[in-house]
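Asks: Any chance you could fold what I've pasted below:
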Amino acid sequence: MRAFLLALALFGALTSPALLAASKDTAAPQSASKSPNPDTAAFDKSLTQFNELMKTMESQMNQIRQTTDP
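Replies: Okay, the predicted model is just below:
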């Protein structure tokens, strides 16, 4: 259970900055001439970390489902 909460906290910590940045982008008017180049390496790295966390969480949830009360 502790590992599950840790994975959930890490997931929240990793996705919060992305959500905050997305909300700022929608509030500010976008200029077509000044679009920044996307940092695909950083995105790929965070996506890989996210996928690992999701796999860990899924395996923990499957393990919880298989356990039975004594």
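Asks: Just the element for the residue nearest to the spatial centre of the chain, please.
Replies: In the chain, the residue lying closest to the centroid (C-alpha atoms, centre = their mean) is residue 15, at 4.1 Å. Secondary structure from DSSP states H and E places residue 15 in helix 2-27.
Asks: and residue 54, what pLDDT?
Replies: What the model reports for residue 54 is a pLDDT of 97.
Asks: My error: substitute residue 6 in the last question.
Replies: So, for residue 6, pLDDT stands at 79.
Asks: give the contact list for it.
Replies: Shown here is residue 6, which makes no contacts under the criterion C-beta atoms under 8 Å, 6 or more residues apart in numbering. (Glycine included, C-beta is placed from N, CA and C.)
Asks: re earlier: for the nearest residue to the residue nearest to the centre of the chain once chain neighbours are set aside, give its distance to residue 14.
Replies: Computed as C-beta to C-beta, 6 or more residues apart in numbering, the closest residue to residue 15 that is not its neighbour in sequence is residue 50, at 7.5 Å. The gap separating residue 50 from residue 14 is 6 Å, by C-beta to C-beta, to the nearest Å.
Asks: what does residue 4 give?
Replies: Counting by C-beta to C-beta - residue 4 and residue 14 are separated by 16 Å.
Asks: For the protein, name the helix or strand with the lowest mean pLDDT.
Replies: Within the chain, no helix or strand scores below helix 2-27, which has a mean of 72 by mean pLDDT, DSSP states H and E.
Asks: Would you tell me what the next helix or strand after that one is?
Replies: Trace forward from helix 2-27 with DSSP H and E and the next one is helix 40-66.
Asks: Run through the neighbouring helices and strands of that following helix.
Replies: The contact analysis (3 or more C-beta pairs under 8 Å, 6 or more residues apart in numbering; DSSP states H and E) places helix 40-66 against helix 2-27.
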